[in-house]
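In: quick one: sequence and predicted model below, then my questions.
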2 protein chains.
Amino acid sequence: MRAAVAGAKGHTMMALNDAVLDMVEIRRAVDSVLAEFLAAKSRSAPPQLAELIDTLRRFLFVGGKRIRPVMCVCGWCAAHGRGDPEPVLRAAASLELFHTFALIHDDVMDDSDTRRGHRSVHASLAARHRSRQGPGDAHRFGANAAILLGDLALTWSDELLHSAGLAPVQLRAALGVVNAMRTEVMYGQYLDLLGTGRPTGNVAHALTVSRFKTAKYTVERPLHLGGVLAGCSTAVMEACTAYALPIGEAFQLRDDLLGGFGDPAETGKPSTDDFRHGKCTVLMALAVARATPAQFSLLHALVGRPDLTEEQADSVRAVLEATGARRAVERMIARRCRRAMNALDHAPFPQAAVETLRQLAHAASVRTS
Amino acid sequence: MRAAVAGAKGHTMMALNDAVLDMVEIRRAVDSVLAEFLAAKSRSAPPQLAELIDTLRRFLFVGGKRIRPVMCVCGWCAAHGRGDPEPVLRAAASLELFHTFALIHDDVMDDSDTRRGHRSVHASLAARHRSRQGPGDAHRFGANAAILLGDLALTWSDELLHSAGLAPVQLRAALGVVNAMRTEVMYGQYLDLLGTGRPTGNVAHALTVSRFKTAKYTVERPLHLGGVLAGCSTAVMEACTAYALPIGEAFQLRDDLLGGFGDPAETGKPSTDDFRHGKCTVLMALAVARATPAQFSLLHALVGRPDLTEEQADSVRAVLEATGARRAVERMIARRCRRAMNALDHAPFPQAAVETLRQLAHAASVRTS
């Protein structure tokens, strides 16, 4: 059973009854907030900024699962949130704008030309510069403009949160959660960077990265944000964490598997990128830790090579299989999903939130993109 | 006459009497806020983050005039601010952390290895990576880690503002000013980027860039921030603007002159960088607009060349002189300083604020670094 209540501005939101939350509807409402926000920015900006803002808009709407906004709304429901859902939706949408910042800078740092099956932001800005015969090196222009556009997206995610219509006590609590989340994800990115380039068997380091970069950032803090907007108790915050950390780690482990074995047509990015960059994934760390000397030499010689061929990538994949690393990661995902489901069994959440979080956990563990 | 009142935590601040504000004291107080904030971050971060946070701390304390925090405190005094100065100092310090973010990303975008007479942040992080024989390309590691450190500085400037101890109505007003400031400076940076690489005679574009990038960012918005913290009237805001825009433009015009003709020992950066990057300064635009065909060809051939020699830079300088562009910029600076001084004559500010802003205007127009 699905039931909706009307929010301000015609957005609809799920009622807190025994139904499951309508995620499609949440995504639609979040997208509508984002579209209105960017349209207002376009109207007020100097005309020379049109191209940049347009690039942001296209990137936002070309794809994305809106997982963090959905988690935020789930957190609000989990904490028995009531009243006008509009400020919650705006706060939730601000997470997506922050995530857009993170993706834009991530692609610049990785020099990845593809994201969500399309050109990444810096590649797109470089192409536009090239086509209008702009001065200087187009690739450099693209990277620089993308750094700035990322900075703008970060700033605007602030602005969207600040103008969400929150009461002072809500705003204060929200800022605390969001500040913690931002610092954590940036720490995670830096730890990731430190471990990138050369494969090591440091599984603990890879797990720490995945906790900061994904589990806390993608699941725990968005749930907490929704929770504090509903003025939730410490018990609800802790129950969110008990669910969030295992499912967030499972999400990242699935991402690692998709990065190595996924179908580029579904994931939207080449399946050799992680190997080329020498990403310190749990998958790779397990393979290194279990490798025979010959397998270790192969990984050491190939992982982190920017010019890695498809054939070489296949032999890396063969080692990930032969060492049992791939299967081990599948087992880790399953174990974490069970732990998250158990946490839900004991969580003081309304049934709709429990059901929705259960569905999200299932989707995270079996997804292909 | 100079008189101080004690603020919270032992910081001292100037009283609003007929004295001039003690800028040395303001800078000391701001630095103490920043040092405490970063020390707390170091204590709470995972140990692998120590190097990154240390790099930020060194960069912050190796130099910098703290012009934006000083302007913020001036704005507070101009608006007859009273009460505990500690929250104002913390808000002021948050501007310096934001500025640090802007400089770090700016140096990455320009690939400038020097700032404030020392290694820029990305160059310093690359050197550390090289010396510990980290994997992959050290230059790339440095740029990526600097992008992340810039992002952290931006996030932490938020956090410092949010935890400044402001009342809800002050926080709300401060966020409005700060959000506007951030968007404006990023627009300015992008407009700058669009005009970079090839010299043009578009003086109006160069002036627009300097207004967004400097006048509003460095003077107007910091004054406004201090003003709204004191709950100031529209008249005070407008008087701030009437002073800020001309003096801010003068500041940028002086910067352009120093970029081309300054002593690197004093400015802390090579005096060929602006020419190499083909920066769209008012100085260069005036030279292009006034150039003979031969002079234009010379500028067109040399400005924007990454491999520009010192000798070639000298011939660019000769054209800036011969066209009268350098003298014209000096006149523009003088005119803007007069306009700012006139604005002060009619501003509804206490005498201490007027005197301090007068001194700052004078310093901005004659500085050598």
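Out: Here it is on my side, so go on.
In: tell me which element the nearest residue to A:Asp263 once chain neighbours are set aside is part of?
Out: Using C-beta to C-beta, 6 or more residues apart in numbering or on different chains and skipping residues adjacent in sequence, the residue nearest A:Asp263 is A:Thr368, 6.9 Å away. C-betas here are computed from N, CA, C, even on glycine. Using DSSP states H and E, A:Thr368 maps to neither a helix nor a strand.
In: the host helix or strand of A:Phe59: what's the following helix or strand?
Out: Secondary structure assignment for A:Phe59, by DSSP H and E: helix A:50-61. For helix A:50-61, the succeeding helix or strand toward the C-terminus, using DSSP H and E, is helix A:67-78.
In: and that next one, what does it pack against?
Out: Contacts defined by 3 or more C-beta pairs under 8 Å, 6 or more residues apart in numbering or on different chains; DSSP states H and E place helix A:67-78 against helix A:23-44, helix A:86-110, helix A:221-229, helix A:234-261, helix A:351-366.
In: next one: the longest one to chain centre, how far?
Out: For helix A:234-261, the gap between its own C-alpha mean and the chain's C-alpha mean amounts to 11 Å (C-alpha atoms, centre = their mean, to the nearest Å).
In: quick check: angle from that helix to helix A:351-366?
Out: 20 degrees (axes from the mean of the first three to the mean of the last three C-alpha atoms, to 10 degrees).
In: cool, and the shortest one?
Out: For helix A:221-229 against helix A:351-366, the angle by the same axes, to 10 degrees is 170 degrees.
In: just checking, what packs against helix A:221-229?
Out: helix A:67-78, helix A:86-110, helix A:168-195, helix A:234-261.
In: what's the angle between it and helix A:168-195?
Out: Using the same axes, to 10 degrees, helix A:221-229 lies at 170 degrees relative to helix A:168-195.
In: please apply the same query to the longest one.
Out: Using the same axes, to 10 degrees, the inter-axis angle of helix A:234-261 relative to helix A:168-195 is 30 degrees.
In: quick one: contacts of the helix or strand just after helix A:234-261?
Out: The helix or strand immediately downstream of helix A:234-261 is helix A:264-267, counting by DSSP H and E. For helix A:264-267, contacts defined as C-beta atoms under 8 Å, 6 or more residues apart in numbering or on different chains pick out A:Gly117, A:Leu258, A:Gly259, A:Pro270, A:Ser271, A:Thr368, A:Ser369.
In: I'd like those as TSV, with pLDDT and neighbour count appended.
Out: Converted to TSV, those look like this (pLDDT from 0 to 100; neighbours: other C-beta atoms under 10 Å in any protein chain shown):
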residue	pLDDT	neighbour count
A:Gly117	82	14
A:Leu258	93	19
A:Gly259	90	21
A:Pro270	74	17
A:Ser271	77	17
A:Thr368	70	9
A:Ser369	70	14
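In: re the thing from before, out of the helices and strands packed on helix A:221-229, flag the one nearest B:Ala91.
Out: helix A:168-195 (14.2 Å; C-beta to C-beta).
In: report whether that closest one contacts chain B.
Out: Yes. Applying C-beta under 8 Å from any C-beta of the partner chain, one finds helix A:168-195 touching chain B at A:168, A:171-172, A:175-176, A:179, A:182-183, A:186-187, A:189-191, A:193-194.
In: likewise for stretch A:53-64?
Out: No. For a cut-off given as C-beta under 8 Å from any C-beta, stretch A:53-64 has no contacts with chain B; the smallest distance is 10.0 Å.
In: pull up the residues of the stretch 151-300 of chain A that are close to chain B.
Out: By the rule C-beta under 8 Å from any C-beta, the part of the stretch 151-300 of chain A lying against chain B is A:151-152, A:154-156, A:158-159, A:162, A:168, A:171-172, A:175-176, A:179, A:182-183, A:186-187, A:189-191, A:193-194, A:196-198, A:208, A:278.
In: let's see it at 6 Å
Out: By the rule C-beta under 6 Å from any C-beta of the partner chain, the part of the stretch 151-300 of chain A lying against chain B is A:151-152, A:155, A:159, A:162, A:168, A:175, A:179, A:182, A:186-187, A:189-191, A:193, A:197-198.
In: quick one, which of those are buried?
Out: A:151-152, A:155, A:159, A:162, A:175, A:179, A:182, A:186-187, A:189-191, A:193, A:197 (16 or more other C-beta atoms under 10 Å in any protein chain shown).
In: quick check: the gap between A:Val121 and chain B.
Out: Computed as C-beta to the nearest C-beta, to the nearest Å, the A:Val121 to chain B distance reads 13 Å.
In: state the distance from A:Cys337 to chain B.
Out: Counting by C-beta to the nearest C-beta - A:Cys337 and chain B are separated by 27 Å.
In: same check, this time on A:Leu97
Out: From A:Leu97 to chain B the distance is 13 Å (C-beta to the nearest C-beta).
In: that residue: neighbouring residues, count only.
Out: Residues near A:Leu97, counting by other C-beta atoms under 10 Å in any protein chain shown, number 25.
In: equivalent analysis for A:Ala123, please.
Out: So A:Ala123, with other C-beta under 10 Å, has 22 neighbours.
In: cool, A:Arg367 as well?
Out: 15.
In: give me the most central residue, chain A.
Out: The centre of chain A sits closest to A:Thr218, judged by C-alpha atoms, centre = their mean, with a distance of 5.4 Å.
In: who's in contact with it?
Out: Contact analysis of A:Thr218 by C-beta atoms under 6 Å, 6 or more residues apart in numbering or on different chains lists A:Gly248.
In: before we move on, back to that, by how many degrees do the helix holding A:Phe59 and helix B:168-195 diverge?
Out: 110 degrees.
In: helices and strands around helix A:50-61, which ones?
Out: helix A:23-44 (3 or more C-beta pairs under 6 Å, 6 or more residues apart in numbering or on different chains; DSSP states H and E).
In: buried stuff in the helix it packs on?
Out: For helix A:23-44, by 16+ other C-beta under 10 Å, it's A:23, A:25-27, A:29-31, A:33-34, A:37-38, A:41-42.
In: including distance to chain B and pLDDT, could those residues go into CSV?
Out: Output for those, formatted as CSV (distance: C-beta to the nearest C-beta, whole Å; pLDDT from 0 to 100):
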residue, distance to chain B, pLDDT
A:Met23, 29, 89
A:Glu25, 29, 92
A:Ile26, 26, 94
A:Arg27, 26, 95
A:Ala29, 23, 96
A:Val30, 21, 97
A:Asp31, 22, 98
A:Val33, 17, 98
A:Leu34, 16, 98
A:Phe37, 12, 98
A:Leu38, 13, 98
A:Lys41, 8, 97
A:Ser42, 12, 97
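In: ok, residues contacting stretch A:190-198?
Out: Outside stretch A:190-198, the residues that touch it by C-beta under 6 Å, 6+ apart are A:205, A:209, A:213, A:277-280, A:304, B:48, B:52, B:135-136, B:144, B:148.
In: show me which of those residues are buried.
Out: Using 16+ other C-beta under 10 Å, the buried ones in the contacts of stretch A:190-198 are A:205, A:209, A:213, A:277-280, A:304, B:52, B:135-136, B:144, B:148.
In: columns secondary structure and distance to A:Arg290 on top of those, output as JSON lines?
Out: JSON lines is the format used below for the buried ones among the contacts of stretch A:190-198 (DSSP: H, G, I helix; E, B strand; the rest coil; distance: C-beta to C-beta, whole Å):
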{"residue": "A:His205", "secondary structure": "helix", "distance to A:Arg290": "16"}
{"residue": "A:Val209", "secondary structure": "helix", "distance to A:Arg290": "19"}
{"residue": "A:Lys213", "secondary structure": "helix", "distance to A:Arg290": "24"}
{"residue": "A:His277", "secondary structure": "helix", "distance to A:Arg290": "22"}
{"residue": "A:Gly278", "secondary structure": "coil", "distance to A:Arg290": "18"}
{"residue": "A:Lys279", "secondary structure": "coil", "distance to A:Arg290": "18"}
{"residue": "A:Cys280", "secondary structure": "coil", "distance to A:Arg290": "16"}
{"residue": "A:Gly304", "secondary structure": "coil", "distance to A:Arg290": "19"}
{"residue": "B:Leu52", "secondary structure": "helix", "distance to A:Arg290": "32"}
{"residue": "B:Pro135", "secondary structure": "coil", "distance to A:Arg290": "21"}
{"residue": "B:Gly136", "secondary structure": "coil", "distance to A:Arg290": "24"}
{"residue": "B:Asn144", "secondary structure": "helix", "distance to A:Arg290": "30"}
{"residue": "B:Leu148", "secondary structure": "helix", "distance to A:Arg290": "31"}
